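> Task: produce atomic coordinates for the following.
(chains A and B)
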2 protein chains.
Amino acid sequence: MTGYALPIKRLIKELSRLPGIGEKTAARLAAHLLRVSGEEARRLAESILEVKQKIRLCSVCFNLAEGEICEICADTGRNRELVCIVEEPDSLIALEESGEYRGVYHVLHGALSPLDGIGPEQLPIRELLVRIAAHPVAEVIMATNPSVAGETTALMLSKLIKERGVKVSRIALGIPVGGDLKYADRMTLAKCLEFRRGV
Amino acid sequence: MTGYALPIKRLIKELSRLPGIGEKTAARLAAHLLRVSGEEARRLAESILEVKQKIRLCSVCFNLAEGEICEICADTGRNRELVCIVEEPDSLIALEESGEYRGVYHVLHGALSPLDGIGPEQLPIRELLVRIAAHPVAEVIMATNPSVAGETTALMLSKLIKERGVKVSRIALGIPVGGDLKYADRMTLAKCLEFRRGV
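As a prediction, this is how the structure comes out:
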């Protein structure tokens, strides 16, 4: 980073900490920020500070929330008897964008991964069980990712929840819409057969 | 952007104004900023504000500078009789990183482009001529980009500078090091012949 003035070097360094942003991209972003109005740069800086100040975890479902309770838990139109378990807030957003789900969520903020030191104690599982015990739940949908950690988590949670007499389901694993069987991997093909349903 | 709390929506919107950052990437960056420590997020926000506060244009060469004069113009070890004209600060940085140039610069912050309303009046050309008149200059190197606008600018400036009895040169256009003639476009091949030199 020869030739840059110190504050620019500092900005490039901070920008390149962001995921997927290398030093070249960081330099390009910094050049852009130098070009835009002070007003526009300030809006970005302030929105970063604001998000850290205002966002916390929903006390019910651990989704990201502006207040004590997230928008979804606060929405009286949602079906509270249907709880969908996701690993990350991103998964929740993706499901919300599908527009197909009207239940509520429980966000784990991770998945079981003993090698990384993430056991049941590190995830809000106790809170999930308390929640299920306190309010009647008809069905819990396991929407953890189809990875080793996600499957392990789904398996462990399914066992705990079924013991409490609650129905548990797993989202279907299979060929994505618009996909092609010839490009699907072996595991996905095995799953698409396993998850088949009568027509 | 359904499902996001308002401050997160705002942050995603601001991030997606950055060049090359679409809404998906912005959401990923926002998720990252939500995860990192308040300290790290604040450092990024502050470095954005700092750069807008502290960086202005060098009064000599129009490079980005922390003070009145940029690091390069302030460096007494540089050859002030050799002035390299570049379109953008990025070009200057790229040349500096090559480590091959020990002269000074003049940054145009653009190139002539009458269709976009950028004529000689919109670039610091008058300042360049005043600079050349005030201090003895042995050679001016045209390092504008090899685009229509860059070539037009180089041509126009060359004429103005040669009229003042100063030697003008143009950076070589040709095959990049590590490149292959079979992948080079016709214009580049024409230029690599035009710029050939005796061995």
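
> Which stretches in chain A count as strands?
A:56-57, A:64-65, A:79-86, A:103-107, A:139-142, A:167-170 (DSSP state E).

> mind listing the helices in chain A by residue range?
Taking DSSP state H as the criterion, chain A contains helices spanning A:6-15, A:23-35, A:38-54, A:71-74, A:89-98, A:125-134, A:148-163, A:186-194.

> Report the central residue of chain A.
If you average the C-alpha coordinates of chain A and look for the closest C-alpha using Cα atoms, centre = their mean, you land on residue A:88, 2.0 Å from that point.

> so which of the strands of chain A comes closest to chain B?
Set against chain B and scored by Cβ to the nearest Cβ, those come closest in strand A:64-65, at 5.8 Å. From N, CA and C alone the C-beta is placed, and that goes for glycine too.

> So is that closest one next to chain B?
Yes - contact between strand A:64-65 and chain B, assessed by Cβ under 8 Å from any Cβ of the partner chain, occurs at A:64, A:65.

> contact partners of that strand?
The list of residues contacting strand A:64-65 from outside it, by Cβ atoms under 8 Å, 6 or more residues apart in numbering or on different chains, reads A:55, A:56, A:57, A:58, A:70, A:71, A:73, A:89, B:4, B:5, B:8, B:34.

> And the pLDDT at the first one?
I take that to be residue A:55. According to the per-residue confidence, residue A:55 scores 94 in pLDDT.

> Could you give the bridge partners of the closest residue to it other than its chain neighbours?
Computed as Cβ to Cβ, 6 or more residues apart in numbering or on different chains, the closest residue to residue A:55 that is not its neighbour in sequence is residue A:64, at 5.3 Å. On the basis of DSSP bridges, residue A:64 is bridged to residue A:57.

> burial count for residue A:64?
Other residues near residue A:64 come to 24 when the count uses other Cβ atoms under 10 Å in any protein chain shown.

> what's the lowest-mean-pLDDT helix or strand in chain A in contact with?
Every helix and strand of chain A was ranked by mean pLDDT, DSSP states H and E. The lowest is helix A:186-194, at a mean of 88. With contact meaning Cβ under 8 Å, 6+ apart, helix A:186-194 is reached by A:146, A:173, A:174, A:175, A:181, A:184.

> Buried ones in it, by neighbour count?
A:188, A:191, A:192 (16 or more other Cβ atoms under 10 Å in any protein chain shown).

> Any figure for the gap between the first one and chain B?
Between residue A:188 and chain B the distance is 22 Å, computed by Cβ to the nearest Cβ, to the nearest Å.

> do the same with the last one
With the distance defined as Cβ to the nearest Cβ, residue A:192 ends up 26 Å from chain B.

> ok so, going back, need the winner for burial among the helices of chain A.
Taking mean count of other Cβ atoms under 10 Å in any protein chain shown as the contact definition, the stretch among those with the greatest mean neighbour count is helix A:6-15, which reaches a mean of 21.

> quick one: contacts of it?
The contact list for helix A:6-15 (Cβ under 8 Å, 6+ apart) reads A:1, A:4, A:21, A:23, A:25-27, A:29-30, A:33-34, B:43-44, B:47-48, B:50-51, B:54-55, B:64, B:66.
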